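Novice: Starting from these lines, generate the structure:
(one chain, ligands or ions: 1)
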Amino acid sequence: MKTVYRRLAIFVCLLAMLGMIAVSVAGTEAGVVSGRMNASANALADVPILNYHKIDYLQHALSLSPEEFDKQMAYLADNGYHTVSPDQLMAYLNHGKRLPDKPVVITFDDGYLDNYTHAYPILKKYGFTATIFVVTGLIGTDERFMTWDHVRQLQHEGFVFGSHTVNHVALDQVSLEQAKIELIESRRVIKEQTGQAARYFAYPTGAYNLQIEELVQQAGYRAAFTIRYGLAGPESDPFAMERIPLFKSEQSFRSFLIRLNGAPVIERLGLIRN
Ligand SMILES: [Zn+2]
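Specialist: So this is what the prediction gives:
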């Protein structure tokens, strides 16, 4: 009898052990699965949004020569980058919609004429497109800027036009009422001239705050871009998207490479504040 009890005890122990092993394996599996799910949720990669102003020969920090700009675009093309639109970027960040390999968004602020005469042929050569945030009050009225015909032609070539206000005002320097007018009126004029209401906005001088972000959203924009250095990613505030500002310097190309490739590290270290 004793042996029977002992055998039963051993059997029960074995069962219990098997049970525990099963539970722990299941736990591990669950862990792996949820880990995988987390990984896929976090798998949204950061995307560089380059920010240019003028492509010209002016001795000005915001002016890159066409040769310098060409060198940077050649680098992107040689290294397998593909330009994407803000629509594609937002569909990716909001809904995980796939982007081509090595996506990059190329943006220009202000809407200078040289974007059409100098930047456009270079971009076209590499099969790239860009997004241009225009100061609507200067388009077609100031000869340093594009005309609406230029805008429409580039739009036809796949370029996207966003707003950069009517008068290039720093929105934190005017009343909220004035800021609202700048946001709504520039959007309206872009729709009138291109047939498409602007879906994106870039803050003149990079100035914004929470109240201004709200106004941008209320005016009907889907996202807005700052001049704060960084990569745009799943953690980004859609109404304060980081960009990589590019300037003329003694070593413009080296600085471009560092800013493009070193962005995540530099961002974390806080080495580039602009
Ligand atoms: Zn500007």
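
Novice: Helix or strand for the residue in the chain that the ion sits nearest to, just tell me which one.
Specialist: The nearest approach of the chain to the ion comes at D109, 4.1 Å away (C-beta to the ion). Placement of C-beta: from N, CA and C, glycine included. Using DSSP states H and E, the element containing D109 is strand 103-110.

Novice: C-alpha coordinates for that strand, PDB please?
Specialist: Included here for strand 103-110 are C-alpha records, laid out as PDB according to Å, rounded to 0.1, in the frame of the first residue of the first chain:
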ATOM      1  CA  PRO A 103      12.400  57.600 -47.000                       C
ATOM      2  CA  VAL A 104      13.300  61.300 -46.800                       C
ATOM      3  CA  VAL A 105      11.100  64.400 -47.000                       C
ATOM      4  CA  ILE A 106      12.700  67.400 -48.700                       C
ATOM      5  CA  THR A 107      11.200  70.700 -47.700                       C
ATOM      6  CA  PHE A 108      11.800  74.300 -48.600                       C
ATOM      7  CA  ASP A 109      10.500  77.300 -46.600                       C
ATOM      8  CA  ASP A 110       9.400  80.700 -48.000                       C
END
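
Novice: which bits of the stretch 101-250 of the chain sit near the ion?
Specialist: Within the stretch 101-250 of the chain, the positions lying close to the ion (C-beta under 5 Å from the ion) are 109-110, 204.

Novice: Among those, which one is most surrounded by other residues?
Specialist: Each of those was scored by neighbours using other C-beta atoms under 10 Å; the highest score is D109's, at 28 neighbours.

Novice: which residues does that one contact?
Specialist: Residues counted as contacts of D109 (C-beta atoms under 8 Å, 6 or more residues apart in numbering) are 51-53, 133, 164, 202, 204.

Novice: circling back: got the contact list for the next helix or strand after the strand holding D109?
Specialist: Past strand 103-110, heading to the C-terminal end, the next element that is a helix or strand (DSSP H and E) is helix 113-114. Under the criterion C-beta under 8 Å, 6+ apart, residues 54-56, 143-146, 150 lie in contact with helix 113-114.

Novice: Show me the two of those that sit farthest apart.
Specialist: I55 and E143 (16.7 Å; C-beta to C-beta).

Novice: Neighbour count for those two, which is higher?
Specialist: Counted by other C-beta under 10 Å, I55 and E143 do not tie: I55 has more neighbours, with 24 against 8.

Novice: Okay, and the beta partners of the more buried one?
Specialist: Beta-bridge partners of I55, counted by DSSP bridges, are L64.

Novice: Let me see the confidence value for it.
Specialist: With respect to pLDDT, I55 has a value of 97.

Novice: Domain map for the chain?
Specialist: 1-43, 47-269 (automatic domain parsing).
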